[in-house]
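[1] got a predicted structure plus its sequence, pasted below:
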Amino acid sequence: MRMYDIILKKRNGEVLSKQEIEFVVNGYVNGEIPDYQVSALLMAIYFKKMNEEETLNLTMAMAHSGEMLDLSGISGKKIDKHSTGGVGDKTTLIVAPIAASLGVKVAKMSGRGLGHTGGTIDKLESIEGFKTVMSDEEFIRHVNDINIALVSQTKNLAPADKLLYALRDVTATVDNLSLIASSIMSKKLASGADGIVLDVKTGNGALMTDEQDSIELAKTMVKIGEGAGRNVVALVTDMDEPLGFAVGNALEVEEAIETLKGRGPQDLTNLCVYLAAYMVMLNDGNLSFDKAVKMAKDALYTGRALAKFREFIIAQGGDDNIINDTSLIKKGRIECDVKSEHVGYIKRIDTRKIGSTLMTLGGGREKKEDGIDYGVGIIVQRKIGDYVNKGDIIARIYGNNEASIAAAKKNIIESIEFSDSEVSKKQLIKYIITKDKIIKKLN
Ligand code: URA
């Protein structure tokens, strides 16, 4: 087999075989195929696309390019949840304890934030003492004991994806559906879960801004999961405004705790109930959707999920006093209100810009190696469709540096557009995609 022939085949729009795809992935990981040839192939894939079977084969080859996590030491089904990334997306902090409190085994690996989107590990590390690294034995023991453990990805999972993603990043080939779907799913498959609930974000703060593209991505990932023998459900959800109000690691932990106390923002609470319900349904195939939603709501409103969150924090070395007294959560020293300079209905929020504003404050990373300030962030107090008077507070900034706060304030004001006429609220959960149907959700 020659790399040249594979590039030519794809350039001409032909379908690559499983063997050819494996040859590329293995050859690239082993250093036998140079960057320039893989770059050429990526560009050919970008223009000529891959079909379903090629996408599945690419995913499987990437998933098997490194370690495959062995979760067989955990009794019962393991159910994972993954978001394609958003602004203010702290759902894992809420959904994982809800599901775990209902008997679902949540053995989860999460990532750090990069660019305008946040990461669960950073949020958890903003809790004093919380450990995100542990041995395999400890990880498995925690899940067997309390149904939940969450660690950062330190293993050599899907190394082909790391290499290919870095190359895509510098060759303008990131935004291809097959490449995105295989990148996400290879890591999920390597992390060993039996069932996966995907939250595919759509809107101006998401990886996919176009709704139809997001649906296609969700469908592709569900198909890959099924092809790999896993149960996968995808929710396509709005990211045209931040989820909840809080954006910033420590602030998001505080909002997650409020939500687990049953006092969270409505959008965040609703989405968490849905995501947890699907995790419960993947765990127990006999449950109806209505029953699973009721179970998730009960866990949330009876304090059962909060108790599980406490167990989880204690098990991983974190200070659980923050649950009773959220004022112990360390936030940025300087508080600054952002007041509206306009009257009217909020029409549009540049969500990506809000996410980038967290970087301006020092709470997000431009490069993987960057350190971050956990305490800084923004509470975006208003949603699309809200009526605002001139001088009303629209956001509160928590920062540690006057210059960055001034820059953040300017960004937030520029991010929000107004209209004189009424604007409807955003629909949060747009579609639910399972292996055999697409449900359009009218909430
Ligand atoms: N997230 C991933 O893990 N991979 C992509 O290609 C895009 C987003």
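    Alright, I've got the coordinates.
[2] show the model's pLDDT score for residue 442.
    Residue-level confidence at residue 442 comes out at 61, pLDDT.
[3] scratch that, residue 369 is what I was asking about
    On the pLDDT scale, residue 369 is placed at 81.
[4] any idea how far residue 344 is from it?
    Noted for residue 369: a distance of 42 Å to residue 344, by CB to CB, to the nearest Å. Glycine gets a C-beta too; all of them are placed from N, C-alpha and C.
[5] now do residue 270
    Residue 270 sits at a distance of 26 Å from residue 344 (criterion: CB to CB).
[6] which of those two has more neighbours?
    Set residue 270 next to residue 344 and count neighbours by other CB atoms under 10 Å: residue 344 wins out with 18 against 15.
[7] pull the contacting residues for the closest residue to the more buried one other than its chain neighbours.
    Leaving aside its chain neighbours, residue 344 sits nearest to residue 418 (3.8 Å; criterion: CB to CB, 6 or more residues apart in numbering). Going by CB atoms under 8 Å, 6 or more residues apart in numbering, residue 418 touches 342-347, 388.
[8] check which helix or strand covers residue 418.
    Residue 418 is part of strand 416-419, with elements assigned from DSSP states H and E.
[9] paired strands for the next helix or strand after that strand, with orientation please.
    Note on strand 416-419: by DSSP H and E, the next helix or strand toward the C-terminus is strand 429-433. If you go by DSSP bridges, strand 429-433 pairs up with strand 231-238 (antiparallel), strand 438-440 (antiparallel).
[10] could I get the ones you listed as CSV with distance to the ligand and mean neighbour count?
    As requested, these are arranged in CSV below (distance: least, CB to the nearest ligand atom, whole Å; neighbours: other CB atoms under 10 Å):
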stretch, distance to the ligand, mean neighbour count
strand 231-238, 14, 25
strand 438-440, 22, 13
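[11] residue 156: which of those strands is closest?
    strand 231-238 (23.8 Å; CB to CB).
[12] only alpha carbons, please: show that closest one as CSV.
    Taking Å, rounded to 0.1, in the frame of the first residue of the first chain, the C-alpha atoms of strand 231-238 are listed here in CSV:
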residue,chain,number,x,y,z
ASN,A,231,-25.8,2.8,22.9
VAL,A,232,-25.7,6.5,22.0
VAL,A,233,-28.3,9.2,22.3
ALA,A,234,-27.6,12.8,21.2
LEU,A,235,-29.4,16.0,22.2
VAL,A,236,-29.0,19.0,20.0
THR,A,237,-29.1,22.0,22.3
ASP,A,238,-28.9,25.7,22.0
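[13] now do it, average pLDDT.
    Computed over strand 231-238, the mean pLDDT rounds to 97.
[14] for the stretch 151-300 of the chain, what lies in contact range of the ligand?
    165, 174, 179-180, 183-184, 207 (CB under 6 Å from any ligand atom).
[15] by neighbour count, which of those wins?
    The most neighbours of any of those, using other CB under 10 Å, belong to residue 184, which has 24 neighbours.
[16] which residues does it contact?
    If you count contacts by CB under 8 Å, 6+ apart, residue 184 has them with 82, 84, 221.
[17] please repeat the previous calculation with a cut-off of 10 Å.
    Applying CB atoms under 10 Å, 6 or more residues apart in numbering, we find residue 184 in contact with 59, 82, 84-85, 158, 161, 196, 198, 200, 207, 217, 220-221, 224.
[18] can you flag the buried ones in these?
    59, 82, 84-85, 158, 161, 196, 198, 200, 207, 217, 220-221, 224 (16 or more other CB atoms under 10 Å).
[19] can I assume residue 73 sits in a strand?
    No: secondary structure assignment places residue 73 outside any strand; it is coil (DSSP: H, G, I helix; E, B strand; the rest coil).
[20] was I right to think residue 364 contacts residue 378?
    No: applying CB atoms under 10 Å as the test, residue 364 and residue 378 come out as separate, 11.0 Å apart.
[21] joint contacts of these two?
    Shared contacts of residue 364 and residue 378 (CB under 10 Å, 6+ apart): 87, 247-248, 355, 357-358.
[22] in the protein, which residue sits closest to the ligand?
    residue 183 (3.4 Å; CB to the nearest ligand atom).
[23] give me phi/psi at that residue?
    The phi/psi pair for residue 183 (degrees, to the nearest 10) reads phi -60, psi -50.
[24] not counting its neighbours along the chain, what's nearest it?
    Excluding the flanking residues, the one nearest residue 183 by CB to CB, 6+ apart is residue 161, at 5.1 Å.
[25] equivalent analysis for residue 342, please.
    Excluding the flanking residues, the one nearest residue 342 by CB to CB, 6+ apart is residue 418, at 4.4 Å.
[26] swap in residue 310?
    Leaving aside its sequence neighbours, residue 310 sits nearest to residue 320 (CB to CB, 6+ apart; 5.0 Å).
[27] wait, what's in contact with the one you found?
    Taking CB under 10 Å, 6+ apart as the definition, contacts of residue 320 comprise 127-130, 309-314.
[28] show me the contacts for residue 64.
    Shown in contact with residue 64 (CB under 10 Å, 6+ apart): 22, 25-26, 158, 160, 186, 189-190.
[29] between those residues, which has the most around it?
    That'd be residue 158 among those, by other CB under 10 Å, with 32 neighbours.
[30] that one touches residue 109, doesn't it?
    No: the criterion here is CB under 10 Å, and residue 158 misses it with residue 109 at 11.1 Å.
[31] what do those two both touch?
    The contact sets of residue 158 and residue 109 overlap at 187-188, 190-191 (CB under 10 Å, 6+ apart).
[32] tell me which residues of stretch 58-72 are tucked away?
    For stretch 58-72, a neighbour-count test (16+ other CB under 10 Å) marks 58-66, 69, 71 as buried.
[33] could you dump those residues into TSV with distance to residue 97 and secondary structure added?
    Putting these into TSV (distance: CB to CB, whole Å; DSSP: H, G, I helix; E, B strand; the rest coil) gives the following:
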residue	distance to residue 97	secondary structure
58	34	helix
59	30	helix
60	32	helix
61	35	helix
62	31	helix
63	28	helix
64	32	coil
65	33	coil
66	30	coil
69	21	coil
71	19	coil
